[in-house]
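A.B. asks: Return a 3D structure for these sequence lines:
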Amino acid sequence: MKLSPFYAANAHLNEFWGITLTDDEFENIGMHGWDKINNKISRLYRFQGVVKNFELELPCNVDIIESVHSHSQDYSRKDNISTNNYTNLSLENDIESFKSGDTNPFYTSGKLINYEEGNGVLYFKTDGIAVTVVYKGIVLDDDGLPSLNYKEVEAIANYCAFVSTRKKGMITKDQATIQLAQMLQQEWQRTCDDARNPIHLSQNDMNELLDVKSSWNRKRYNSSFKPLN
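C.D. replies: Numbering: from 1, shown residues only. As a prediction, the model looks like this:
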């Protein structure tokens, strides 16, 4: 899928609606419209680090954390014979070594561990452990702004046209301008709904959707729930 820089919406705004905004105005209004669409184009990343002083600082492009794992396998150490039986650990390590590289992109080896998140930092109860963080990061353009597909370019341009025209109508109290703003609002809502729909669903996408619908994965007590493995 071809992506355009964020300022492509500004060019669209000028070419299709004849409206010119300053860079600050466009970025402020455009980012607000982008948040309303809530169709963030992102990539899946894996970040490995060591917890220091019970904290781990996250990369600057983190948007959504999918999972946090320790580097040890999830296994039951206690059984009806011994409280320190490491046989299950050997079995889990053996199973992990035979897994192919065709696992789901979200799948990550290791036990899911508890954490708290705040201000770009993860907080843990245990210090000095190595962890892997699986997260989604926004795909940015050269200006550090979100990259857009063609649907989002049109929708954000329409949102900027609507907001700027409504503001002008409220200041001037001109009924024609207010009516134009109402028309632009409808156009924005239509293109916003359209931008929320995928441009294309591949066979892989459909296969994953149907797998989720027909999955028989079940959560087991005291075992990490990773249904995508």
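A.B. asks: Let me see the confidence value for residue 106.
C.D. replies: Looking at residue 106, its pLDDT reads 72.
A.B. asks: domain ranges for this protein?
C.D. replies: 8-40+142-195, 42-138 (automatic domain parsing).
A.B. asks: among those domains, which gets the worst mean confidence?
C.D. replies: domain 42-138 (a mean of 80).
A.B. asks: re the thing from before, with distance to residue 2 and mean neighbour count as extra columns, can I get the domains of the chain in JSON lines?
C.D. replies: Any C-beta I mention is one placed from the backbone N, CA and C, and that applies to glycine too. Shown next, in JSON lines, are the domains of the chain (distance: least, Cβ to Cβ, whole Å; neighbours: other Cβ atoms under 10 Å):
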{"stretch": "domain 8-40+142-195", "distance to residue 2": "8", "mean neighbour count": "17"}
{"stretch": "domain 42-138", "distance to residue 2": "16", "mean neighbour count": "13"}
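A.B. asks: In space, what's closest to residue 25 - neighbours in sequence excluded?
C.D. replies: residue 164 (7.5 Å; Cβ to Cβ, 6 or more residues apart in numbering).
A.B. asks: Check which helix or strand the one you found maps to.
C.D. replies: Residue 164 belongs to helix 150-172 when assigned by DSSP states H and E.
A.B. asks: after that helix comes which helix or strand?
C.D. replies: Past helix 150-172, the next helix or strand by DSSP H and E is helix 175-195.
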